[in-house]
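Visitor: Need a 3D model of the following:
(chains A and B)
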Amino acid sequence: MKNYYFSTKKMCVGYDGKPLIKDMEIQLPRGEILTLIGPNGAGKSTVLKSIAGQLRLLGGKVYLEGNNLSEMKAGELAKKMSVVFTEKLRAEMKSCRDVVATGRYPYTGWFGVLSKEDERIVDEVMELTHITDLGGQEFERISDGQRQRVMLARAICQEPEIVVLDEPTSYLDIRYKLEFLSILQEMREKKGLTVIMSLHELELAKIVSDKILCLRGEYAERFGTPEEIFKADFMEQLFGMNESSFPGNPKLLAYIRQMMEWR
Amino acid sequence: MQENKKNRYMTVFLLLGICTAVFVILNICIGSVRITLPDMIKIFTGSGDDETLKRILLDIRFPRAAAVLILGGALSLAGYLLQTFFNNPIAGPFVLGISSGAKMVVALIMVFLLGRAIRVTSGAMILGAFIGAMLSMGFVLLLSNRVSSMSMLVVSGVMIGYICSAITELVVTFADDADIVNLHNWSRGSFSGMTWENVKVMAVVVFMTFLAVFLMSKPLDAYRLGDAYARNAGVNLRLLRVCIVIFSSILSACIVAFAGPISFVGIAAPHLVKRLLHTAEPIWMIPSCFLGGSVFCLFCDLLARTMLAPTELSISTVTAIFGAPVVLWVVAKR
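Guide: Numbers count the residues shown, from 1 in each chain, chains lettered A, B, ... in the order given. So this is what the prediction gives:
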């Protein structure tokens, strides 16, 4: 356990006391990217929320550098972990730059006034995430895709050691999807950022991830490197899909075949 | 750009400050007995020799203006807190039935104690009003867990308000004649009959609460991002929620105890101030919103006293005329 930056032990997650996924064992060294994949409703968001301390665990423990996450002070955790969730961030009358600057919250003083150093970090992060142009625009008035990029900037601005992202690429076009993931990889290389996220795009998950966690049903189905996970029987196993799915639609079938071969 | 913003905030703040001062002077000078500015200055510097004017100014007009300033600000701040808490731009102590709950308990206490010829102190009134406010707030909170839509929450609040008002009316109907005059005026909302004693108590309560709220401006700012992001910023959400509920209830209770329920200021004033500032950041909103409420109420009280003089209008009549259109505007804009 001590060798890993992030780990869970017999973690059990769910809502209202009803467990959805039980006995999850995850081990992740510092600076690795873990991607959660699985069909809709498999519990990806639930797992991510539990990991980020937003949902109470129904059992087991989550460790960050060997420290029990639930025993950490909220302010301390805020300096180590940041999040990008699908839940909308409300930003009444805030510009995009203001939103990015909220990432400095754990570092500012009693009244939350930004120091020169904070301002510098905000500008730097906006540069890094290519959203400097958006700075003056109102956050509520930009597109979902742009918003997603501002949210990533906000998360990075928090200078975390680990970032938890729930379907961060969903509103992005293909160019920004790749840009988004390349920023994460850059942060990992430069600062040793650890990433836990969920993705729907399996082809991207395969390329960017160090570890993959497949979710389906009551237990986490598989955990391992992309090579171990993406095998021939994978689609059938995880999504319940095979060549007899969608009879009468040759185009869809051809697409599935192609995906299977690719694996 | 940052400098521009700061300048704007300071300008608005200064403007509101000047408006407050001007309206305080107007409220002192204008009335059935007109007091000129030189007269006023004379009395304040102690060289005035007209005893009647002096009594009118020092014992009636000045404490009343001070009370309007304090309670108007408190009302606006309570509205702002509730709007933040429920993430609902038309939440306010009156709309959510919190004022009515406070009114009900105060009416019960007054009838019960006055009927036994026991004098009711300011402190007891505030405490009673606070209990009433918390009762209503409790109901609203219970309902807010069940109804997710913001319009339904407001409807629930209005219903709670009606129930409490009905009970108050019932109590007033069965009260002795002598009590009724007192109760009736007060239960419609009025700033008349404020004494320095009242002003002292409300100043202490409101100032302390204001300070506490101002010290919470950083977590309040994070709270406005939404639960998940506030928690991620390291905010203790449960503690913050408890604080908002208690402080907004204290403010609402203080207003009701002294002036009765007053409508619409809690929604209109914060909204207008927000438009002026072009920001909703608590650190600027909290003080500006307080001043905005003061100005709004000073203006409305001036009209209430003078429009149909010597008859005095109930303050809610005037605040509704100017406040309700603002609320409609907010609703239409969404």
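Visitor: Chain B contacts on chain A?
Guide: A:49, A:52-54, A:73-79, A:81-83, A:85, A:87-94, A:102, A:105-106, A:108, A:110-113, A:136, A:158 (Cβ under 8 Å from any Cβ of the partner chain). Placement of C-beta: from N, CA and C, glycine included.
Visitor: out of these, which are inside helices?
Guide: A:K49, A:A74, A:G75, A:E76, A:L77, A:A78, A:K79 (DSSP state H).
Visitor: Give me the pLDDT for the second one.
Guide: When you say that, I think you mean A:A74. In this model, A:A74 is scored at 91, pLDDT.
Visitor: Over to the closest residue to it other than its chain neighbours: give its phi and psi.
Guide: Once flanking residues are discounted, A:A74 sits nearest to B:G234: 4.3 Å by Cβ to Cβ, 6 or more residues apart in numbering or on different chains. Phi and psi for B:G234, reported as degrees, to the nearest 10, are phi 90, psi 20.
Visitor: Also A:Y219?
Guide: The phi/psi pair for A:Y219 (degrees, to the nearest 10) reads phi -120, psi 150.
Visitor: same check, this time on the one 5 residues further on
Guide: When read as degrees, to the nearest 10, the backbone of A:G224 gives phi 180, psi -170.
Visitor: And for it, the neighbour number?
Guide: 12 (other Cβ atoms under 10 Å in any protein chain shown).
Visitor: can you check B:L26 too?
Guide: 14.
Visitor: what's downstream of the longest helix along chain B, the next helix or strand?
Guide: In chain B, with assignment by DSSP H, the single longest helix is helix B:2-29. Downstream of helix B:2-29, the first helix or strand assigned by DSSP states H and E is helix B:37-45.
Visitor: List the buried residues of that next one.
Guide: For helix B:37-45, the neighbour count (16 or more other Cβ atoms under 10 Å in any protein chain shown) marks B:D39, B:M40, B:K42, B:I43 as buried.
Visitor: rewinding a little: which strands and helices lie in contact with the longest helix of chain B?
Guide: helix B:37-45, helix B:62-86, helix B:265-277, helix B:282-306 (3 or more Cβ pairs under 8 Å, 6 or more residues apart in numbering or on different chains; DSSP states H and E).
Visitor: Nearest to chain A among those would be which one?
Guide: Taking Cβ to the nearest Cβ, helix B:282-306 is the member of the helices and strands packed on helix B:2-29 nearest to chain A, at 5.9 Å.
Visitor: what's the angle from that closest one to helix B:2-29?
Guide: 20 degrees (axes from the mean of the first three to the mean of the last three Cα atoms, to 10 degrees).
Visitor: Any part of helix B:282-306 near chain A?
Guide: Yes - part of helix B:282-306 sits near chain A under the criterion Cβ under 8 Å from any Cβ, namely B:I283.
Visitor: by how many degrees do that helix and helix B:265-277 diverge?
Guide: Using the same axes, to 10 degrees: helix B:282-306 against helix B:265-277 is 120 degrees.
Visitor: Which elements pack onto helix B:282-306?
Guide: Where contact means 3+ Cβ pairs under 8 Å, 6+ apart, helix B:282-306 is packed against helix B:2-29, helix B:62-86, helix B:196-215, helix B:217-223, helix B:265-277, helix B:315-333.
Visitor: Present the ones you listed as JSON lines; the columns should include mean pLDDT and distance to B:V147.
Guide: Converted to JSON lines, those look like this (pLDDT from 0 to 100; distance: least, Cβ to Cβ, whole Å):
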{"stretch": "helix B:2-29", "mean pLDDT": "92", "distance to B:V147": "35"}
{"stretch": "helix B:62-86", "mean pLDDT": "96", "distance to B:V147": "11"}
{"stretch": "helix B:196-215", "mean pLDDT": "96", "distance to B:V147": "27"}
{"stretch": "helix B:217-223", "mean pLDDT": "96", "distance to B:V147": "20"}
{"stretch": "helix B:265-277", "mean pLDDT": "93", "distance to B:V147": "19"}
{"stretch": "helix B:315-333", "mean pLDDT": "89", "distance to B:V147": "18"}
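Visitor: Next, count neighbours for the closest residue to B:P89 other than its chain neighbours.
Guide: In space, and not counting its chain neighbours, B:P89 is closest to B:V330: 5.2 Å by Cβ to Cβ, 6+ apart. Using other Cβ under 10 Å, B:V330 has 18 neighbouring residues.
Visitor: Please tell me how far B:V330 sits from chain A.
Guide: 12 Å (Cβ to the nearest Cβ, to the nearest Å).
Visitor: Could you give me the buried positions within stretch B:200-215?
Guide: Under the neighbour-count criterion of 16+ other Cβ under 10 Å, stretch B:200-215 has B:V201, B:M202, B:V205, B:V206, B:T209, B:F210, B:V213, B:F214 buried.
Visitor: With distance to A:A220 added, can I get those in TSV?
Guide: Shown next, in TSV, are the buried residues of stretch B:200-215 (distance: Cβ to Cβ, whole Å):
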residue	distance to A:A220
B:V201	61
B:M202	59
B:V205	55
B:V206	55
B:T209	50
B:F210	51
B:V213	45
B:F214	47
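Visitor: ok, those residues vs A:I21, which is closest?
Guide: Closest approach between those and A:I21, by Cβ to Cβ: B:V213, at 41.8 Å.
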